[in-house]
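K.L.:
here is a sequence with its predicted model. Questions after.
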Amino acid sequence: MSFSTHCIQCDEYFESRLPMDASIPLMKIKDPDRIQAILHSTRAVRPQLMSKIAGESMVWIDGPDWLVRRRIAQGSFQPRNEPFHVEIVDQVVSGLLERLETAAEEGEVIGLTEEFLRMTTRFLYRFAFDIDLPADHDKAPIVSAYFDAVSQLGFSILDVEKPLDLSVHQLVRTSLKAMDREIDLIMDSDPDPGSLLGRMIEACDAGELTDRQVKDEVRGLFIAGTETTSLTLAWFIILLDENRSWRDRIEAELAVSREVTPLLDAGLHETMRLFPAVPFMTRIVEGVADLGFGPLEENTEFMISVYHTHRNPEHWDDPHAFDPGRFLGEPDRHRYAWMPFGGGRHTCIGNRVARMEARDTLRAIMGRYRFHRVEDTTVGARLGITLKPTIPINVTVERIQPA
Ligand code: HEM
């Protein structure tokens, strides 16, 4: 497979991005010390742009409203709920294995990113909405199109040079409407009061949230909790296909144990370093503030590049190379040199479940199946609100061990 380890669009975007409006100074950041100061400051908050496009969910907002949502949601992510999380991961991974088995038997071509998205969407429905989807459900295209629509809208507003093409306007509208319909269906279901949606509906009944805010939270969960994990899985497979000696080592590790997998875990960390699912985060300073790294102009906006920080040569040797060995042993690096799940008060609330889902999926499929790309075209990374492969990754599935 030909493969570009560099996200050219990320470089271009980082270099060329303009402030949201000319009166707002913009600082582009890839230095862990500064990132730590920004993410831990109560004066640096999320800008409002994305909540205007994609709804006022906990993923996009800040301040007291954000805190209410985070407190309501927190209970569903607690480590004490781990047995429930494990049960759902087992369920969705078994579904994926069945689908891979069928594809292997029938020589079927499958879309790798689509297949992983189908699985993570199924996980989200069961985990957050208490809805059991079948393993072959067809919701993934709705989620994927919604992601693309939100990305296109966000970037068209930021990139004044390239405003949204009118021809894609209709597609964006259709995708947003399809997601609205899906959210209505979810809201009409009757979730367990202990589920994430159940907690929100209870908060709504208690007057803490409005009906619209609950819908926005559902919308936000689609953004936060589906493609992030599925793309991480896809990048892992792509990177190992490019780095076969690491693939062989990880497969050998799994032949010994599928429970203790330091090499596979290190490979996952390295995948999230090179292709962080959330490549950029933004914050804006309210008024005049000193965050400890020199005077700032009023209302400065920060564009924090997770992608460039993860490849900052001051913190990583040979930063563009895939080398899971960096993550073996005790970490000897700045806390914010590697931060795929962000940090500070907005640290990914799904961090623990996402890692479990990704790790357990890979433990189940690696060493049992191999994926062979159908087309021999160069794969690169395409920038949106997540980092996606530039082209569809169509693969055949080879079973390398008895099922
Ligand atoms: C590999 C998978 C994932 C990655 C890389 C990831 C990454 C991130 C990052 C970087 C942030 C911080 C954004 C910021 O500071 O502005 C975040 C926030 C968030 N994530 Fe994740 N995420 C993943 C999976 C998940 C999952 C599975 C869920 C839910 C089921 C989830 C729910 C959230 C929520 C609700 C927030 C907002 C938290 C807040 O602002 O308080 N994420 N995620």
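P.N.:
In hand now; what should we look at? Numbering: from 1, shown residues only.
K.L.:
list the contacts for the nearest residue to residue 312 once chain neighbours are set aside?
P.N.:
With C-beta to C-beta, 6 or more residues apart in numbering as the measure, residue 30 is the residue that lies nearest to residue 312, at 5.3 Å, once sequence neighbours are left out. Quick note: C-beta positions are derived from backbone N, CA and C, even for glycine. For residue 30, the contacting residues are 14, 304-305, 308-309, 312, taking C-beta atoms under 8 Å, 6 or more residues apart in numbering as the criterion.
K.L.:
take those residues and keep only those in helices.
P.N.:
Using DSSP state H, 14, 308-309 are the members of these that sit in helices.
K.L.:
neighbour-wise, give me the winner out of the residues you listed.
P.N.:
residue 309 (24 neighbours; other C-beta atoms under 10 Å).
K.L.:
residues near the residue in the stretch 301-403 of the chain that the ligand sits nearest to, how many?
P.N.:
When scored by C-beta to the nearest ligand atom, the stretch 301-403 of the chain has residue 350 as its residue closest to the ligand, at 2.3 Å. A count of neighbours around residue 350, defined by other C-beta under 10 Å, yields 21.
K.L.:
make residue 1 into 13 and carry on from there
P.N.:
That works, and once the first residue is 13, the last one we named lands at residue 362.
K.L.:
show me what contacts it?
P.N.:
Under the contact definition (C-beta under 8 Å, 6+ apart), the residues listed for residue 362 are 89, 236-237, 240.
K.L.:
can you redo those as TSV with neighbour count, distance to residue 200 and secondary structure?
P.N.:
Output for the contacts of residue 362, formatted as TSV (neighbours: other C-beta atoms under 10 Å; distance: C-beta to C-beta, whole Å; DSSP: H, G, I helix; E, B strand; the rest coil):
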residue	neighbour count	distance to residue 200	secondary structure
89	17	25	helix
236	22	22	helix
237	24	21	helix
240	24	26	helix
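K.L.:
quick one: pLDDT of the residue of the stretch 313-415 of the chain closest to the ligand?
P.N.:
At residue 362 the predicted local confidence, pLDDT, stands at 98.
K.L.:
tell me if I am right that residue 39 is in a helix.
P.N.:
No - per DSSP: H, G, I helix; E, B strand; the rest coil, residue 39 lies outside any helix segment and is strand.
K.L.:
surely it and residue 311 touch.
P.N.:
No - no contact is recorded between residue 39 and residue 311 when judged using C-beta atoms under 8 Å, the distance being 11.4 Å.
K.L.:
the ones in helices among the contacts of residue 42 into JSON lines, with extra columns for distance to the ligand and pLDDT?
P.N.:
As requested, the ones in helices among the contacts of residue 42 are arranged in JSON lines below (distance: C-beta to the nearest ligand atom, whole Å; pLDDT from 0 to 100):
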{"residue": "26", "distance to the ligand": "16", "pLDDT": "93"}
{"residue": "320", "distance to the ligand": "14", "pLDDT": "98"}
{"residue": "321", "distance to the ligand": "12", "pLDDT": "98"}
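K.L.:
how many residues are close by residue 407?
P.N.:
Neighbours of residue 407 (other C-beta under 10 Å): 23.
K.L.:
partners of it in the sheet?
P.N.:
On the basis of DSSP bridges, residue 407 takes part in beta bridges with residue 122, residue 385.
K.L.:
which ones are touching the residue of the stretch 163-312 of the chain found nearest the ligand?
P.N.:
The nearest approach of the stretch 163-312 of the chain to the ligand comes at residue 237, 3.0 Å away (C-beta to the nearest ligand atom). Residues in contact with residue 237, defined by C-beta under 8 Å, 6+ apart, are 132, 135-136, 139-140, 362, 366.
K.L.:
what about 6 Å?
P.N.:
Shown in contact with residue 237 (C-beta atoms under 6 Å, 6 or more residues apart in numbering): 136, 362.
K.L.:
quick check, pLDDT for it.
P.N.:
With respect to pLDDT, residue 237 has a value of 96.
K.L.:
quick check: the gap between it and residue 349.
P.N.:
Note on residue 237: its distance to residue 349, by C-beta to C-beta, to the nearest Å, is 25 Å.
K.L.:
show me what contacts residue 262?
P.N.:
When the contact criterion is C-beta under 6 Å, 6+ apart, the partners of residue 262 are 275-276, 279, 378.
K.L.:
which one of these is nearest residue 169?
P.N.:
Taking C-beta to C-beta as the measure, residue 279 is the one of those closest to residue 169, at 36.4 Å.
K.L.:
which residue, neighbours along the chain excluded, lies closest to the closest one?
P.N.:
residue 336 (4.4 Å).
K.L.:
what of residue 216?
P.N.:
residue 226 (5.1 Å).
K.L.:
which of the helices or strands spans that neighbour?
P.N.:
In this structure, residue 226 sits in helix 223-237 according to DSSP states H and E.
K.L.:
how far does that helix sit from its chain's centre?
P.N.:
Distance of helix 223-237 from its chain centroid, counting by C-alpha atoms, centre = their mean, to the nearest Å, is 15 Å.
K.L.:
check contacts around the residue nearest the centre of the chain.
P.N.:
When the chain is reduced to its mean C-alpha position, the closest residue under C-alpha atoms, centre = their mean turns out to be residue 240, at 1.8 Å. With C-beta under 6 Å, 6+ apart as the criterion, the residues that contact residue 240 are residue 289.
K.L.:
distance of it from residue 105?
P.N.:
Note on residue 240: its distance to residue 105, by C-beta to C-beta, is 17 Å.
K.L.:
residue 383 in helix, strand or coil?
P.N.:
With three-state DSSP as the basis, residue 383 sits in strand.
K.L.:
and residue 205, by the same measure?
P.N.:
For residue 205, the reduced secondary structure class is coil; criterion used: three-state DSSP.
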